[in-house]
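Novice: Build me a model from this:
(chains A, B and C)
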Amino acid sequence: MCMQYSPQYSLQNALRKDFFERPTPEVAQDLIGTVLVRTLTDGTVLAGRIVETEAYLHEQDAASHSYRGKTKRNEAMFGEAARLYVYRIYGIHYCANIVTENVGRGAAVLLRAVEPLEGLEEMMRRRKTEQIRQLCNGPGKLAQAFDFTMEDNHQSLLHSSCCILPNTIQQDIAVSPRIGITKAANELLRFYLAGNEFVSRGRWKG
DNA sequence: GGTGGGATTAGCT
DNA sequence: GCTAATCCCACCA
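Specialist: Below is the predicted model of the structure:
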């Protein structure tokens, strides 16, 4: 189920910067089905198919961290596309976003869930659980499993140790309002693979 | 210099 | 369903 897909872990195939320089909802939707790959310093490869994302837009989007303009905390959002914007949430967890559009826009895509493909033992160790479904089915969990921390803020996704591989599957993408926000809560900016069990909050009904 | 809130999670009822 | 855990940082004084 989760191991049948065998991605080519090669930078040759990786998504390039122009993929991320498009309108953020398009990027968020097109990221569904792609594969997030990270190679740790010890050579361990972590990979997962992205099954859930949310788009956070520029300064008109009241739910976006960029809503009140550029600050020290969110400056990565205003930087180059295809870089990571990582922040700490509720003092405990991290959330990993991919910066989109052009420099100065302040837009990004939140990675909410991935289906683990490779490096599961490492993820289990970091997550302190052996339940595969629990490894990456939420933004905080995903960040913990892939070891994304503030050190990775501004990190580029355009090299072999950290990149996104193209979608090779064809599945139905569903849309919904974003989760966990109070402002602009009706915008349909959350995208996920319909019926996929690794989507957060157990929204899969199997 | 103090304070409040947050794109969450785990564990308990 | 409810709530504690726990930390920047933005904002106001």
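
Novice: and the one residue sitting closest to the centre of chain A, what is it in contact with?
Specialist: Centroid-nearest residue in chain A: residue A:111, 2.1 Å away (criterion: Cα atoms, centre = their mean). With contact set as Cβ atoms under 8 Å, 6 or more residues apart in numbering, residue A:111 has these partners: A:31, A:36, A:50, A:52, A:53, A:95, A:96, A:97, A:98, A:139, A:142. Heads up, the C-betas are built off the backbone N, CA and C, glycines and all.

Novice: Just the residues you listed: which are in strands?
Specialist: A:36, A:50, A:52, A:53, A:95, A:96, A:97, A:98 (DSSP state E).

Novice: show me where chain A has helices.
Specialist: A:17-20, A:24-31, A:120-127, A:139-145 (DSSP state H).

Novice: Could you dump those helices into a markdown table with mean pLDDT added?
Specialist: What follows is the helices of chain A, written out as a markdown table (pLDDT from 0 to 100):
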| stretch | mean pLDDT |
| --- | --- |
| helix A:17-20 | 98 |
| helix A:24-31 | 98 |
| helix A:120-127 | 97 |
| helix A:139-145 | 98 |
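
Novice: Return the most buried member of the ones you listed.
Specialist: Among these, helix A:139-145 has the highest mean neighbour count (mean count of other Cβ atoms under 10 Å), at a mean of 23.

Novice: Get me the contact residues on chain A for DNA strand C.
Specialist: By the rule Cβ under 7 Å from any atom of the strand, the part of chain A lying against DNA strand C is A:68, A:71, A:72, A:73, A:74, A:88, A:90, A:91, A:92.

Novice: quick one: the residue nearest to the centre of chain A from DNA strand C, how far?
Specialist: 20 Å (Cβ to the nearest atom of the strand, to the nearest Å).

Novice: What's opposite that residue in the beta bridge?
Specialist: Judged by DSSP bridges, the bridge partners of residue A:111 are residue A:53.

Novice: need the strands for chain A, in chain order.
Specialist: Under DSSP E, chain A gives strands at A:35-39, A:45-56, A:84-89, A:93-100, A:107-118, A:158-159, A:162-165, A:173-176, A:190-193.

Novice: Format the ones you listed as CSV; extra columns: mean pLDDT and distance to residue A:12.
Specialist: Putting the strands of chain A into CSV (pLDDT from 0 to 100; distance: least, Cβ to Cβ, whole Å) gives the following:
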stretch, mean pLDDT, distance to residue A:12
strand A:35-39, 97, 13
strand A:45-56, 98, 16
strand A:84-89, 97, 21
strand A:93-100, 98, 20
strand A:107-118, 98, 18
strand A:158-159, 93, 12
strand A:162-165, 97, 10
strand A:173-176, 97, 26
strand A:190-193, 97, 25
